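Enquirer: Task: produce atomic coordinates for the following.
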Amino acid sequence: MFRLKNTGTMGSNQLPEVKQYKYPPSVRPPVPKKDEKPIHGLKSNKNFIVTNAVENILSAPKQIVDEKPWTEKKDYGKVPDYLTKIQQSISSEYEIIRNMHISEAEEMDKQKYLMTQEEVEQLKKGLKKKWESVNKEYQSITHIRMIDTVGLKRKKEQCEKELAQLEKDIEKLNKNYVFVDTQK
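Expert: Reported below is the predicted structural model:
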């Protein structure tokens, strides 16, 4: 079954009649017709430069608003409110940061303790024994005339690093007060 005219979704309703669209009247003048001729050779005797000069001379001067000079205003020399608010917020933030740093420093100080002299001496003896053993190994490597293998070179460099670190540690233990950080 094919659809028939005036049946289906539109039903028996008819579409409105089509009318010719009329444009609203224009504000601009109409386009000249083809048989209307433009006016040529129209000249004016008016001197625009002189007329403009006379007009400016005869015109009233612009009225200047009578304001107080800015040095006599009540806000002169005062810091604006918004700047003081910003300055206060910045100073409060700096204070918060400073307090955080102080509290962190106090936490770090709580985690350190002073070593006793016996502990320091015992640690020094252990480091010296370790230094002697590493030094003995280093001396045995350095007396070989030709260090030509990669393993020997690496072992020599490692011994040098260990000796340097042990000497630094022994120097640190020679101070009067030795603090130990429990966090590390």
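
Enquirer: Flag the shaky bits of this protein, pLDDT-wise.
Expert: Counting by pLDDT under 70, the chain has low-confidence residues at 1, 6-15, 145-147, 183-184.

Enquirer: middle-most residue in it, spatially?
Expert: With distances taken as C-alpha atoms, centre = their mean, residue 90 lies nearest the centre of the chain, 17.3 Å away.

Enquirer: Let's verify residue 30: helix, strand, or coil?
Expert: The three-state label for residue 30, taken from DSSP: H, G, I helix; E, B strand; the rest coil, comes out as coil.

Enquirer: what's the helix or strand for the residue nearest to the centre of the chain?
Expert: If you go by DSSP states H and E, residue 90 is part of helix 81-110.

Enquirer: in that helix, what counts as buried?
Expert: Of the residues in helix 81-110, none is buried under the neighbour-count criterion (16 or more other C-beta atoms under 10 Å). For the C-beta atoms, the positions are set from N, CA and C on the backbone; glycine is no exception.

Enquirer: residue boundaries of the strands in the protein?
Expert: For the chain, strands defined by DSSP state E occupy the ranges 112-114, 179-181.

Enquirer: Turn these into JSON lines, columns for mean neighbour count and distance to residue 127.
Expert: Output for the strands of the chain, formatted as JSON lines (neighbours: other C-beta atoms under 10 Å; distance: least, C-beta to C-beta, whole Å):
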{"stretch": "strand 112-114", "mean neighbour count": "11", "distance to residue 127": "19"}
{"stretch": "strand 179-181", "mean neighbour count": "11", "distance to residue 127": "15"}
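
Enquirer: Distance to residue 170 added to these, as TSV?
Expert: Shown next, in TSV, are the strands of the chain (distance: least, C-beta to C-beta, whole Å):
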stretch	distance to residue 170
strand 112-114	19
strand 179-181	16
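
Enquirer: any chance you could map the helices in this structure?
Expert: Using DSSP state H, the helices of the chain run over 48-58, 81-110, 117-142, 150-173.

Enquirer: How far off centre is the second one?
Expert: The reference is to helix 81-110. A distance of 21 Å separates the C-alpha centroid of helix 81-110 from that of its chain, computed with C-alpha atoms, centre = their mean, to the nearest Å.

Enquirer: Pull the contacting residues for residue 179.
Expert: With contact set as C-beta atoms under 8 Å, 6 or more residues apart in numbering, residue 179 has these partners: 112, 113, 114, 115.

Enquirer: ok so, going back, nearest to residue 69, out of the helices of the chain?
Expert: When those are ranked by proximity to residue 69, the top entry is helix 81-110, at 22.6 Å, counting by C-beta to C-beta.
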